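Visitor: okay, here's the prediction I keep looking at, along with the sequence it came from:
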Amino acid sequence: MTAILRSEGLHKRFGAVSAATDVNLSVEEGEIVALIGANGAGKTSYVNMVTGYLRPDAGRIRLGETDLVGMKPRQVTRAGICRSFQVAQIFGELTVLENVLIALAIARGGASSGWRGLSRPEWISASEEVLEQFQLAEHRDATAGTLAQGVRKLLDIAMATVASPRLMMLDEPTSGISVDEKFAVMDTLMSALRQRGVTVLFVEHDMEIVERYARRVAAFYDGRIIADGDAAEVLVDPDVRQYVVGGELHRRGGQGGGE
Ligand SMILES: Nc1ncnc2c1ncn2[C@@H]1O[C@H](COP(=O)(O)OP(=O)(O)OP(=O)(O)O)[C@@H](O)[C@H]1O
Ligand SMILES: [Mg+2]
């Protein structure tokens, strides 16, 4: 196995708050890794540092031999890492197909050619293939803003994969999705990403999702990684149970699901 992502000694402060203190995390090709941790533990900050949205105060991040620190998000995408955000980033007034076409145009640098460029037959067929993989074909001509939350999430992640990433970072893929939809959405999205040969790192509060889909778990607490390893071992680690899992169960009891 070869590490495709290596992050070493990452530090990031916001005034008195430490969002990252000596964060070290490497991801092997083909792994599915969950990042867990209470609100404010530093999960999104980590994803933001890797994807160029936040510059670490110190540390190194490399994809293969490429140094990512200092790159803009667009450059990180070109280097091979795509992401999704806690809130789906879609164009609500456009159709599902049009959303994917735009994502494809941006990824391939053809967005300036306007709608005429988007209607190229090869782009339409490439987009339809993506819709098939993400089980979105039946929604092809639906207006994206009218989709159920789970379908909207799938579209959002489908759009992020058209740039053919080696590594996909998903920030809370099941947030806002109903309990009834969450496993179906995750099954579809994990199988689509596997088909595309993508390594996956996802942030998740829902321990049922973590247990079912992640082979490896890294637990964040107060800007640090307090445990990292096989999911089955990390999830029963006493510190993780005290600082992470217990809080999530409490949160679920109080809120009726992840956020
Ligand atoms: N741009 C920012 N400016 C100031 N503080 C920030 C900023 N981004 C994050 N923080 C702080 O850094 C800490 C880590 O935040 P982060 O968003 O990484 O947490 P998280 O683990 O993703 O939490 P959640 O589960 O709520 O999404 C928090 O205390 C947060 O308030
Ligand atoms: Mg977050």
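Guide: Arrived safely, thanks for sending. Ligands and ions are numbered 1, 2, ... in the order given.
Visitor: average model confidence for the helix or strand hosting residue 11?
Guide: Following DSSP states H and E, one finds residue 11 within strand 3-14. Across strand 3-14, the average pLDDT comes to 96.
Visitor: tell me which strands it pairs with, and in which orientation.
Guide: Sheet partners assigned to strand 3-14 using DSSP bridges are listed as strand 17-28 (antiparallel), strand 58-63 (antiparallel).
Visitor: give the buried residues for the first one.
Guide: Think strand 17-28. Under the neighbour-count criterion of 16 or more other CB atoms under 10 Å, strand 17-28 has 18-20, 23, 25, 27 buried. Yep, even glycine has a C-beta here, placed from its N, CA and C like the rest.
Visitor: related to what we said a few turns ago, dump the strands paired with strand 3-14 to CSV, plus mean pLDDT and distance to ligand 1.
Guide: Compiled in CSV, those are given as follows (pLDDT from 0 to 100; distance: least, CB to the nearest ligand atom, whole Å):
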stretch, mean pLDDT, distance to ligand 1
strand 17-28, 97, 4
strand 58-63, 98, 15
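Visitor: so which of those gets nearest residue 72?
Guide: Closest of the strands paired with strand 3-14 to residue 72 is strand 58-63, at 13.7 Å (criterion: CB to CB).
Visitor: next secondary structure element downstream of the closest one?
Guide: Using DSSP H and E, the helix or strand that follows strand 58-63 in sequence is strand 66-67.
Visitor: neighbouring strands for that following strand, and are they parallel or not?
Guide: strand 58-63 (antiparallel).
Visitor: residue 80: neighbouring residues, count only.
Guide: 20 (other CB atoms under 10 Å).
Visitor: got the phi/psi numbers for the residue lying closest to it once chain neighbours are set aside?
Guide: Ranked by CB to CB, 6 or more residues apart in numbering and with sequence neighbours excluded, the top spatial neighbour of residue 80 is residue 166, at 4.0 Å. Dihedral pair for residue 166: phi -90, psi -30, per degrees, to the nearest 10.
Visitor: residues touching residue 166, list them.
Guide: Shown in contact with residue 166 (CB atoms under 8 Å, 6 or more residues apart in numbering): 4, 29, 63, 80-81, 198-199.
Visitor: which one (most neighbours) among the residues you listed?
Guide: Neighbour max across the contacts of residue 166 (other CB under 10 Å) = residue 81, 27 neighbours.
Visitor: check contacts around that residue.
Guide: Listed by CB under 8 Å, 6+ apart, the contact partners of residue 81 are 5, 50-51, 63, 68, 165-169.
Visitor: what do you get for residue 71?
Guide: The neighbourhood of residue 71, defined by CB under 8 Å, 6+ apart, consists of 52, 79.
Visitor: so how far is ligand 1 from it?
Guide: 18 Å (CB to the nearest ligand atom, to the nearest Å).
Visitor: ok so, going back, out of the strands paired with strand 3-14, nearest to residue 221?
Guide: Of all the strands paired with strand 3-14, it is strand 17-28 that lies closest to residue 221, at 10.2 Å by CB to CB.
Visitor: name the residues of the protein found near ligand 1, please.
Guide: Within reach of ligand 1 by CB under 6 Å from any ligand atom, the chain has these residues: 14, 17, 19, 37, 39-45, 220.
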